[in-house]
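Q: sequence plus predicted model, see below.
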Amino acid sequence: MEKFTTHTGVGVPLRRSNVDTDQIIPAVYLKRVTRTGFEDALFAAWRSDPEFVLNQDEYRSGSVLVAGPDFGTGSSREHAVWALKDYGFKAVFASRFADIFRGNSGKQGLLAGIMAQEDIELLWKILETKPGTEITVDLEQRTATADDVTVPFQLDDYTRWRLMEGLDDIGLTLQHEEDIAAFEAKRASYKPKTLPAKHLPKVDIEAARPA
Amino acid sequence: MAGTLAEKVWNDHLVRRGSNGEPDLIYIDLHLLHEVTSPQAFEGLRLAGRQVRRTDLTMATEDHNTPTLDIDLPIADLTSRTQIDTLRNNAKEFGVRIHSLGDADQGIVHQVGPQLGLTQPGMTVVCGDSHTSTHGAFGGLAFGIGTSEVEHVLATQTLPLQPFKTMAINVHGELPPGTTSKDIILAIIAKIGTGGGQGYVLEYRGEAIRKLSMEARMTICNMSIEAGARAGMIAPDDTTFEYLKGRPHAPEGADWDAAVEYWRTLKTDDDAVFDTEVDLNASDLEPFVTWGTNPGQGLPLSANVPVPEEIADENDRIAAERAIEYMGLTPGQPLRDIKVDTVFMGSCTNGRIEDLRTIAKVIKGHVKHPDVRVLVVPASARVRLQAEAEGLDQIFKDFGAEWRNAGCSMCLGMNPDQLAPGERSASTSNRNFEGRQGKGGRTHLVSPLVAAATAIRGTLSSVADLAENDPSFANLDIDAIDGSPLAPLDPNLIVQV
Ligand code: SF4
């Protein structure tokens, strides 16, 4: 996972509240077996509307999403974060997030910062009067700057540290590699293993046919 | 220090205790995979250049998407085929053992683990599937995980976890004839609600539980998740050891003795304290069925569809109204009058050999109701083979049922086995959510005995109801079916096939 210290990119105002994960990525895309390439799925239902913010040239290359309250509610699908990241978003700001969405974001290196609604409104105003304005996100200071306006956001220390170190969950656990190896060394010998495989005798299975 | 069973298993798997609100790091003994929740986990490994840490503690089977007919032909549905092909390729690339369609050990992941003897007492078992709680019947901690956790376990064989709370569910007394462990768990969920177990590991205890066979215990633990619980478990005892002995991956010789000695320590200490306790009297139970669209919306079969106006709690009332509408029922209508189109016998809840024997015992020599379609889907290919060796398949076919290959099938309708919109089923599976068995389908969760009786009468029925029209049913020795220590899957029988 890439380390996150600061990021500067086009800000996208998403003036909607209660954006649930079904809107972030509709269920039909969940059938895929890949983990990347979900950029086309992001906000799929809204993307067919030419008025939708991401369909306007100035915002198309956006990487900082400024959204309304209660972002990421609904089903816990991790695809919602994948879709945002695949599209190119590095940070999302809202005054409230669904817990699971915020947890998934932190684990996968998408910054989900909580920002006061009045600051959100302030950024919306700047981004809408001057489309294409860039926002600079400073994770060290926990601030976002657009033009001459700098506003604070909240992110807990632990998640902030992980993002700054670029540690995903697995990387974090693997810092304890020695503990894991020590545990494995004293595991009881009678505990089962799947390999080498043991079976009952091999038998042919007959296919059932439609009646 | 005195501890509950769950705490003991937890402590035995502690790689590292977390401090300052950091989670504990828990070692995983067995990681089971299937085609739906694993593809992105493998891709994540690939993207990060990681390997599977312990292929010898990992195993995959194909179950959710597999067809139950024509399994020797290419899978027609493209999404299903892609998922299964992806699993096969991943297993090959990373060196993971896999049981594919057509293999005798293919089947629902929660049947295959126990039947191979891979699920043992005191283990931590995970799988990207919520019904992993099934394996808790052997006295281990078994729970479902999400795709990113699947990747985590593949890469590290551990999981960072916050400790669970513990809840004792004491089931007293003795099950009356015609009732089964399915009725126990449906009654528990109706009592504590679909959120009642949230944050807890449930330990099922008491006389009624101790008398249950291993497979009947699996049915109970399987549905712990429907009460919102993280896991369910039952302390191991001689019933457990007997089930395990001689299975392919069970310990042998001195290892067996060492294992049993350890397994016997796996019980809640007398002075241990649970965070919560719930009591239920099995002797009061009747066959239980669901009328609504979540597993907590269940009632004894002799009851009527609830009348929403009589429900005091506003949320419950609204939920009942919506469920009754979706289910196409009339408030106050006797549950016994509900006509079904399909009876589904199968799933990781009730698709095991004992369930099939139970059903066969009831339906033998009878034919199904002409308006009902009956689908029998064994939980694994071995279960199918054993049923065939015992001649059960012939009983099902003579009855007019469709005898199918193993898999999840109509439990979730990811394969072609689905309900049509508006169709109604009595199903031995575990979820009656809207559209679970097919878009617009209506599901009533029932025990294998109720499924059998319903298939004969065409309306939701108990075995006792059968005797009304046909006195021959009155002599049916059904109290000896569920809960009795029936022989486990017999390897010798299988060889003779
Ligand atoms: S049988 Fe049903 S509940 Fe069990 S694993 Fe398959 S889909 Fe899930």
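A: Sure thing, it's come through.
Q: CA only for contacts and neighbour counts going forward, please
A: Will do.
Q: give me the neighbour count for residue 34.
A: By default, I'm working from chain A. For A:T34, the tally of surrounding residues (other Cα atoms under 10 Å in any protein chain shown) stands at 15.
Q: hm, I was asking about chain B
A: By other Cα under 10 Å, neighbour count at B:H34 equals 25.
Q: for it, give me its contacts.
A: By Cα atoms under 8 Å, 6 or more residues apart in numbering or on different chains, the contact list for B:H34 reads B:60-64, B:87, B:109, B:128.
Q: longest helix of chain B?
A: Scanning chain B for the helix with the most residues, using DSSP state H, yields helix B:78-94.
Q: quick check: what element follows that helix along the chain?
A: Sequence order places strand B:97-99 as the next helix or strand after helix B:78-94, per DSSP states H and E.
Q: hmm, back to that, from the contacts of B:H34, which ones fall inside strands?
A: Counting by DSSP state E, the contacts of B:H34 place B:60-61 in strands.
Q: say whether chain A is contacted by the longest helix of chain B.
A: Yes - using Cα under 8 Å from any Cα of the partner chain, helix B:78-94 reaches chain A at B:79, B:82-83, B:86.
Q: bridging residues for B:D279?
A: The partner list for B:D279 in beta bridges (DSSP bridges) reads B:N170.
Q: so what's it up against?
A: The contact partners of B:D279, by Cα under 8 Å, 6+ apart, come to B:169-172.
Q: could I get those residues as JSON lines with neighbour count and pLDDT?
A: Listed next are the contacts of B:D279 as JSON lines, based on neighbours: other Cα atoms under 10 Å in any protein chain shown; pLDDT from 0 to 100:
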{"residue": "B:I169", "neighbour count": "20", "pLDDT": "98"}
{"residue": "B:N170", "neighbour count": "19", "pLDDT": "98"}
{"residue": "B:V171", "neighbour count": "22", "pLDDT": "98"}
{"residue": "B:H172", "neighbour count": "18", "pLDDT": "97"}
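Q: between the residues you listed, which sits nearest chain A?
A: Nearest to chain A, judged by Cα to the nearest Cα, of the contacts of B:D279 is B:I169 at 28.4 Å.
Q: so the closest one makes contact with B:V201?
A: No - at 10.3 Å, B:I169 and B:V201 do not qualify as touching, with contact defined as Cα atoms under 8 Å.
Q: show me which of the contacts of B:H34 are buried.
A: B:60-64, B:87, B:109, B:128 (16 or more other Cα atoms under 10 Å in any protein chain shown).
Q: pLDDT-wise, which helix or strand of the chain ranks last?
A: Just so you know, I chose chain A. Ranked by mean pLDDT, DSSP states H and E, the weakest helix or strand in chain A is helix A:99-108, scoring a mean of 87.
Q: show me what that one is packed against.
A: Using 3 or more Cα pairs under 8 Å, 6 or more residues apart in numbering or on different chains; DSSP states H and E, the elements in contact with helix A:99-108 are helix A:79-87, strand A:111-114, helix A:157-165.
Q: which secondary structure elements does the shortest one contact?
A: Right, strand A:111-114. The contact analysis (3+ Cα pairs under 8 Å, 6+ apart) places strand A:111-114 against strand A:91-94, helix A:99-108.
Q: picking up where we left off before, among the residues of helix B:78-94 next to chain A, show me the least confident.
A: For the residues of helix B:78-94 next to chain A, the weakest pLDDT value sits at B:T79, with 90.
Q: count the residues that sit near the nearest residue to that one once chain neighbours are set aside.
A: Using Cα to Cα, 6 or more residues apart in numbering or on different chains and skipping residues adjacent in sequence, the residue nearest B:T79 is A:K31, 6.7 Å away. The burial count assigned to A:K31 is 12, neighbours taken as other Cα under 10 Å.
Q: hmm, B:R81 and A:K31 touching each other?
A: No - under the criterion of Cα under 8 Å, A:K31 is not in contact with B:R81, lying 11.3 Å apart.
Q: quick check: the gap between the residue positioned nearest the centre of chain A and A:D168.
A: Nearest residue to the geometric centre of chain A (Cα atoms, centre = their mean): A:V81, 2.7 Å. Using Cα to Cα, to the nearest Å, A:V81 is found at 14 Å from A:D168.
Q: before we move on, what about A:L84?
A: A:L84 is 17 Å from A:D168, by Cα to Cα.
Q: who has more neighbours out of the two?
A: A:L84 (24 against 18).
Q: A:D40 is in contact with the more buried one, correct?
A: No - between A:L84 and A:D40 no contact is recorded; they are 10.0 Å apart, counting by Cα under 8 Å.
Q: who's the nearest residue to B:Q106 once chain neighbours are set aside bridged to?
A: Using Cα to Cα, 6+ apart and skipping residues adjacent in sequence, the residue nearest B:Q106 is B:H99, 4.9 Å away. Judged by DSSP bridges, the bridge partners of B:H99 are B:T61.
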